[in-house]
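Asks: kindly generate the corresponding structure for this input.
(one chain, ligands or ions: 1)
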Amino acid sequence: DDGYDLWLRYHPLEKPLAARYAPAATEVVSAAHSATADVTRAELVKGLSGLLAKKVAVGESVHQAGAVLFGTPENSATIKNLNLPLGQLGPEGYLIRSAVVGGKKLTVIAGNSDVGVLYGAYRFLKLIQTHEAIDKLDIASAPKVKLRLLNHWDNLDATIERGYAGSSIFKWWELPEHVSPRMVDYARANASIGINGTVLINVNASSLVLTQEYLQKAAALADTFRPYGIKVYLVARFSAPIEIGGLKTADPLDPQVREWWKHKADEIYHYIPDFGGFLIKANSEGQPGPGDYGRTHAEGANMFAEALAPHGGVVMWRAFVYSHEVPDDRIKQAYNEFKPLDGKFLPNVILQVKNGPLDFQPREPFSALFGATPATNTGLEVQITKEYLGFNTHLVYLGTMWQELLGSDTFAKGPGSTVAKVIDGSMFGYKQTMMAGVSNIGSDRNWSGSIFDQANWYAFGRLAWDPEAKADVIASDWVKQTFTSNPAFLKPVTALMMGSRETAVDYMTPLGLAHQMGTSGHYGPGPWVDSAGRADWNPVYYNRADKSGIGFERGPSGSNAVAQYFPPLSTIWAKPETTPENLLLWFHHVPWNYAMKSGRPLWDELVGRYDQGVANVDAMAAEWLNLKPYVDDERFALTADYLTIQKRDARLWRDASIAYFQSVSGLPLPAGVKKPPHSLGFYEQLEWPYAPGQGAPGRKIKPPPV
Ligand code: BDP
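Replies: Numbers count the residues shown, from 1 in each chain. As a prediction, the model looks like this:
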């Protein structure tokens, strides 16, 4: 099994189980014939026939008990007559109910729109895949976040920035004449977890994608995705009016530039009538933007917003910005830039904020912008692809990391003001809500580069639908759908996933350290690196390790980044004694002998964490070997090999980090701790082999050519 089917594996259930379900899934019934209803029917038939290993009948009206009837009150008189409480479900929610109609027991999957019904169909199939009872169903579900989007960092030449699963699945050169059947499976997978939009190209974009030729290509993809409720979005490169429009400027206050974008929007909607909108990276890492003309981010974003508004499109304006001058503290920049602009953005603009204030690190506190912009729609960007978390080879389940983030209390309106409540709009009544995940999808047969990375795609969709969903439930559902419900496998694997992120934090960046990866590749350890293009790209900038101690002082005596947070966090995080230890070195520079809660001095604790990380990976790998009887050979072997790589890398992270920090602290290793097998010089000169997805050399300073 190569993993291509993801969690949509409809392999036959064991006989007794199939026998239990068969009477409740005798036929698939609907009179609806929209494109979406057709794919819903096809999915139910495929799923039920596969799982129950029998041919499931299809019809327009109920013929027998055990029918699965789907539709909306508009396209089904039976559903209309049932008077179901669909009012609370909104346009995308669904209801699944056991009912009796004309003396026959059946299951109804209903919604207010065909897409809502499609989501319900996937949920119904999942119930069977996960061996839930389906005879007395009464399930209602609606997404809490409106825009649930993948952000592909895919380039038009099919390379992927920070992509570790092959090349892009979007083959622009074949479009629009040929749309690969894989696009349908991509849409199915996304719809099955509620993802309703996709940004097709990299935030470091080429303007080319906005030319007529490419719009026609994008339209072919939009046509393919539409039945699955998925809208297409594009990245708008700020300088496009110059590069493809022949204008002299891209100044957002220039009338000609504004006209140009209006026409461009009209043209896009001509080809893609339900186009979602633009994602924009401006004045960040060398990308052009309004700042080039002395204009604010709001002035820039609003220009696009005006062009898209007549068509119902949105602008997602990224808050991942940092200025040319190296600041006293890089992590304060986005807040400093955007907080004063709160309320200045048009209603169809969404500020797209990365989870943490730095950059997708194994652990960061939540970005201070969450809660700080009540008058600006604020959405969340997480990174599904594991740029800083061991690429596709390290087994790291991100569900726990996102749950930690979404559950974090910003205290914006007092206790209970979680990030989840900010981004689902309930805190400030945002008109637009959004959660975006930087995709980990590529041309590999298994889509994500490893089987376990599929779980991160899955968890992203589930959390975007419900930001308060629980990571362990999601992990266990994924294991059941992807592998098996057998508790002998399910329990240990779920546990292994649940602990995996903390393990990675331990061997890479424990106790609040961040950005210790080698430059560019962001894979292996490089805590000593001090030679990157600008100071705040250097690990030493973040670890600040010296003879006196380690950590970045962000309390009042340092950069005072803590002041960007609401009380009581601004005071709790201001002092090392009250800062949680897992963020200690993020917020504070503390002496090597600082007393930790364990009773150990910081230096011993730090070394202990690296050792713990290594031990945990060893345990994960050993656990996996025990599970061989429950997995097919191919998926077993791939995962086993990757765990071997992870074991090697965890050691390297541990050894290199300890060697470096010891060279700085000058302290002896705690008793019983193994010396790194090599001297620091050895680790420093290690060259990582070619790491995929770094973008062109010099990318950070030079914008890509058009
Ligand atoms: C960083 C990546 C870089 C991206 C940038 C971004 O290293 O490749 O372009 O984020 O989000 O994490 O724009």
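Asks: residue of the stretch 251-400 of the chain nearest the ligand, please.
Replies: Residue of the stretch 251-400 of the chain nearest the ligand, by C-beta to the nearest ligand atom: D359 (4.5 Å). C-betas here are computed from N, CA, C, even on glycine.
Asks: contacting residues for that residue?
Replies: 320, 388, 515 (C-beta atoms under 8 Å, 6 or more residues apart in numbering).
Asks: with P527 instead?
Replies: By C-beta under 8 Å, 6+ apart, the neighbours of P527 are 516, 539-540, 543, 545, 656-657, 660-661.
Asks: now with 6 Å, please.
Replies: Each residue near P527 by C-beta atoms under 6 Å, 6 or more residues apart in numbering is listed here: 516, 539, 543, 657, 660.
Asks: need the three-state assignment for it.
Replies: Of the three states, P527 takes coil according to DSSP: H, G, I helix; E, B strand; the rest coil.
Asks: cool, F278 as well?
Replies: Classification of F278 using three-state DSSP returns strand.
Asks: swap in L17?
Replies: Under three-state DSSP, L17 falls in the helix class.
Asks: same check, this time on A375
Replies: coil.
Asks: can you report phi and psi for the nearest residue to it once chain neighbours are set aside?
Replies: Nearest residue to A375, sequence neighbours excluded (C-beta to C-beta, 6 or more residues apart in numbering): G343, at 3.5 Å. Dihedral pair for G343: phi 90, psi -10, per degrees, to the nearest 10.
Asks: for G343, give its distance to I280.
Replies: Distance from G343 to I280, counting by C-beta to C-beta, to the nearest Å: 19 Å.
Asks: what of G3?
Replies: From G3 over to I280 the distance is 34 Å, taken as C-beta to C-beta.
Asks: if we can go back for a sec, ok, the contacts of P527 vs R182, which is closest?
Replies: Using C-beta to C-beta, Q516 comes nearest to R182 of the contacts of P527, at 36.9 Å.
Asks: and the gap between the closest one and S323?
Replies: Counting by C-beta to C-beta, the gap from Q516 to S323 is 24 Å.
Asks: more neighbours: those two, which one.
Replies: Remark: of Q516 and S323, Q516 carries more neighbours, 27 against 13, as counted by other C-beta atoms under 10 Å.
Asks: of G343 and I280, which one has the most company?
Replies: I280 (26 against 10).
Asks: list phi and psi for the residue in the stretch 401-550 of the chain that the ligand sits nearest to.
Replies: Nearest residue of the stretch 401-550 of the chain to the ligand (C-beta to the nearest ligand atom) works out as H522 at 6.4 Å. Main-chain dihedrals, H522, degrees, to the nearest 10: phi 60, psi 30.
Asks: what about it, neighbour count?
Replies: 24.
Asks: ok, it - contacts?
Replies: 387-388.
Asks: that one and T400, how far apart?
Replies: From H522 over to T400 (counting by C-beta to C-beta), the distance is 21 Å.
Asks: and what of L406?
Replies: From L406 to T400 the distance is 11 Å (C-beta to C-beta).
Asks: between the two, which is the more surrounded one?
Replies: Set L406 next to T400 and count neighbours by other C-beta under 10 Å: L406 wins out with 26 against 21.
Asks: which residues does that one contact?
Replies: Applying C-beta under 6 Å, 6+ apart, the residues near L406 are 419-420, 467.
Asks: for the one helix or strand E259 maps to, buried residues please.
Replies: Following DSSP states H and E, one finds E259 within helix 255-271. Under the neighbour-count criterion of 16 or more other C-beta atoms under 10 Å, helix 255-271 has 257-258, 260-262, 264-265, 268-269, 271 buried.
Asks: was I right about the residue nearest to A375 contacting N377?
Replies: No. Using C-beta atoms under 6 Å as the test, G343 is too far from N377 to be in contact (11.1 Å).
Asks: is stretch 135-153 up against the ligand anywhere?
Replies: No. Contact of stretch 135-153 with the ligand is not found when judged by C-beta under 6 Å from any ligand atom; the minimum separation is 6.9 Å.
Asks: which outside residues touch that stretch?
Replies: For stretch 135-153, using C-beta under 6 Å, 6+ apart, the contacting residues are 89-90, 92-93, 95-98, 160-162, 194-200, 202, 424, 433-439, 464-466.
Asks: show me which of those are buried.
Replies: Of the contacts of stretch 135-153, these count as buried by 16+ other C-beta under 10 Å: 89, 92-93, 95-98, 160-162, 194-200, 202, 424, 433-439, 464-466.
Asks: give me the subset of those residues touching the ligand.
Replies: 161-162.
Asks: now, the buried ones among the contacts of stretch 135-153 that are in helices?
Replies: Per DSSP state H, helices hold the following members of the buried ones among the contacts of stretch 135-153: 464-465.
Asks: could you give the bridge partners of R148?
Replies: Beta-bridge pairing for R148 (DSSP bridges): M435.
Asks: same question for T198.
Replies: L150, V232.
Asks: shaky segments in the chain?
Replies: Where the chain drops to pLDDT under 70, the residues are 687-690, 695-706.
Asks: tell me the domain ranges of it?
Replies: 15-141, 147-482, 506-552+589-685 (automatic domain parsing).
Asks: doesn't V664 fall inside a helix?
Replies: Yes. Assessed with three-state DSSP, V664 lies in a helix.
Asks: was I right about it contacting S548?
Replies: No. V664 lies out of contact with S548 (C-beta under 6 Å); the separation is 9.8 Å.
Asks: higher neighbour count, those two?
Replies: Higher neighbour count among V664 and S548: V664, with 19 against 12, using other C-beta under 10 Å.
Asks: so what's that one up against?
Replies: Per C-beta under 6 Å, 6+ apart, neighbours of V664: A545.
Asks: please apply the same query to Q564.
Replies: With contact set as C-beta under 6 Å, 6+ apart, Q564 has these partners: 335, 368.
Asks: how does it look with 10 Å?
Replies: Taking C-beta atoms under 10 Å, 6 or more residues apart in numbering, we find Q564 in contact with 331-332, 334-336, 339, 357, 367-369, 372, 554, 570.
Asks: noted, bye for now.
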